[in-house]
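**Student:** just coords:
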């Protein structure tokens, strides 16, 4: 469907470097990256707003690297919507069809059909400056879809939407994708990837560093940057060696029992914050049980963040129920325990 081959582009103080990416027909692909990682620049190159310095772009087997924007069969929804405030909803959606000089009745039918698809038919006579953020997003999507693109490019589609309206926009995007539309959506929001993507990619400093299905990428990050994007807070540099028939990871004075597998001599060990259990008593039957001192307690959205100094500093998410049961306080001595299979080494 969409294939990028070795796309590179230099800017004043930044560069996209050797981007390779394939997206299948009907797929919902999300590209994750921090601000300045190169997400929007890559969309602009695919859409034809900028030209790459080198590399090739193919859509449905046809090279479009130097193709004019209007001939690319790509549709782009901009972060700020880029709709015309002085025009009505109807006029915004119809704009791209009018400049192609399509018959008036054909334009009317296409606009009506698309407005109904995205649930804004009742707004067609309204000016866009009177609309909510979610409604303006629907207008922007309808204006893009009405040109019958082969792929939609979405630049941070939730960024200008109130939190209360984001579920509504997610439902719209899922609906469009379920109709067979291929979608490339760029964002900095890990949660959007979990909720929407068939596959994800992570871009950092102008390079795509990992792609795969969300569970695969976020459970097996290739490096610390991807792990941080997945919300992992516990990273420890370790030396790994065999001991008593299994591998152990050593960090300072601490030893961790690892699951069975092949390991390098040195690596980065990670454990998710909600995989760590707390007790006031030593848990001798656990693979790993470590004594520590509570250094900080913070209330989170539906739990507590607890920072525990055990030689390594651990970030632990504790449920409200367990927090009350343990009666946790600062400077309290606790035991962290977790099974070996909760540890990963990258």
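**Tutor:** Yes, it's here. What you see is a predicted model; the values in this text were computed from it and never measured.
**Student:** Show the average pLDDT along stretch 34-54.
**Tutor:** In this model, stretch 34-54 has an average pLDDT of 94.
**Student:** Show residues contacting that stretch.
**Tutor:** Applying CB atoms under 8 Å, 6 or more residues apart in numbering, the external contacts of stretch 34-54 come out as 2, 4, 6-11, 14, 16, 19, 31, 33, 57, 64-69, 72, 74, 76, 79, 153, 155-156, 184, 186-188, 203-206. Just so you know, the C-beta spots here come from the backbone N, C-alpha and C atoms, and that holds for glycine as well.
**Student:** how long is it end to end?
**Tutor:** One end of stretch 34-54 sits 24 Å from the other (CA to CA, to the nearest Å).
**Student:** that older thread, could you flag which of the contacts of stretch 34-54 are buried?
**Tutor:** Taking 16 or more other CB atoms under 10 Å as the criterion, what is buried in the contacts of stretch 34-54 is 2, 4, 7, 9, 16, 19, 31, 33, 57, 64-65, 72, 74, 76, 79, 153, 155-156, 184, 186-188, 203-204, 206.
**Student:** Just checking: what are the partner strands of the top strand by length along the chain?
**Tutor:** Criterion DSSP state E: the longest strand present in the chain is strand 288-299. Strand 288-299 has these partner strands in its sheet, going by DSSP bridges: strand 303-309 (antiparallel), strand 333-338 (antiparallel).
**Student:** Okay, and which of the contacts of stretch 34-54 map to helices?
**Tutor:** Among these, none falls in helices (DSSP state H).
**Student:** which residues are in contact with the longest strand of the chain?
**Tutor:** 254, 256-257, 282-283, 304-311, 313-314, 328-340, 343.
**Student:** try stretch 151-163
**Tutor:** So stretch 151-163 is in contact with 1-2, 23, 39-40, 43, 46-47, 59, 73-81, 132-134, 137, 141, 144-145, 166, 169-170, 173, 176, 181-189, 192, going by CB under 8 Å, 6+ apart.
**Student:** so how many other residues sit close to residue 163?
**Tutor:** Residues near residue 163, counting by other CB atoms under 10 Å, number 7.
**Student:** repeat for residue 25
**Tutor:** 12.
**Student:** From what I see, it and residue 1 are in contact.
**Tutor:** Yes - between residue 25 and residue 1 there is a contact at 4.2 Å, judged by CB atoms under 8 Å.
**Student:** what touches both of the two?
**Tutor:** Both residue 25 and residue 1 are contacted by residue 182, under the criterion CB under 8 Å, 6+ apart.
**Student:** those strands in the stretch 101-250 of the chain, which residues are they?
**Tutor:** All strands of the stretch 101-250 of the chain, identified by DSSP state E, counting those that start in this stretch, fall at 151-155, 182-187, 199-204, 207-212, 234-243, 246-251.
**Student:** Include mean pLDDT when you put these into CSV, please.
**Tutor:** As requested, the strands of the stretch 101-250 of the chain are arranged in CSV below (pLDDT from 0 to 100):
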stretch, mean pLDDT
strand 151-155, 95
strand 182-187, 96
strand 199-204, 95
strand 207-212, 95
strand 234-243, 92
strand 246-251, 94
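**Student:** can you list those strands in CSV and add distance to residue 161?
**Tutor:** Formatted as CSV, those follow (distance: least, CB to CB, whole Å):
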stretch, distance to residue 161
strand 151-155, 12
strand 182-187, 12
strand 199-204, 20
strand 207-212, 26
strand 234-243, 32
strand 246-251, 42
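**Student:** which one of those strands lies closest to residue 276?
**Tutor:** The minimum distance between residue 276 and those falls on strand 234-243, with 7.8 Å, by CB to CB.
**Student:** Could you check the angle the closest one makes with strand 246-251?
**Tutor:** Interaxial angle, strand 234-243 versus strand 246-251 (axes from the mean of the first three to the mean of the last three CA atoms, to 10 degrees): 140 degrees.
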